[in-house]
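Participant: Quick one: sequence plus predicted model below, questions after.
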Amino acid sequence: MANEAVQAVVTGAGGRRLADGEWGLTVADVGGWPLDVGVRLRRGVLRAQAFVAPAGAVDEHELLVRNRGLLLVRFAHTGSGDVWLVGEVLSEHVSAESVDRLLGVLVQAAADVRTLIAQEAARS
């Protein structure tokens, strides 16, 4: 049932199935450039993640403050400092509505930070 819910939402939004339990979705314009979202259902957890910005583009403390106000998703960064968004839902809670909400929150959070980055760049 979880696989079918994810498949329906992702393909309905123009995404594609990449492998068993894995999907990809590109949102054309999120804060000025495409957002590639990876979705995976494995070991009882639905995980969505997306690259948001390169290292140094946004202050890490800003991301910590934003994490406090987010539901379902959180900002993280790689060892090299690249900024990602990651969200998870337990598979027993996966439905078309929960997948749509997870992806919507992820895209909105990415858009908010990318817009902030663009505004700061315009002031420089």
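Facilitator: Right, received. Where do you want to start?

Participant: Which parts of the protein are helices?
Facilitator: Along the chain, counting by DSSP state H, helices occupy 2-12, 60-69, 96-123.

Participant: And for the closest residue in space to Leu116 that isn't next to it in sequence, the neighbour number?
Facilitator: Excluding its sequence neighbours, the residue lying closest to Leu116 (CB to CB, 6 or more residues apart in numbering) is Val58, at 6.6 Å. Quick note: C-beta positions are derived from backbone N, CA and C, even for glycine. Residues within reach of Val58, counting by other CB atoms under 10 Å, total 20.

Participant: phi, psi of Gly44?
Facilitator: Note on Gly44: backbone dihedrals following degrees, to the nearest 10 are phi 80, psi 10.

Participant: Surely it and Ser91 touch.
Facilitator: Yes: Gly44 is in contact with Ser91 according to CB atoms under 8 Å; the separation is 4.7 Å.

Participant: the more surrounded of these two?
Facilitator: Ser91 (16 against 10).

Participant: Could I get the contacting residues of the more buried one?
Facilitator: By CB atoms under 8 Å, 6 or more residues apart in numbering, Ser91 lies in contact with 2, 41, 44-46.
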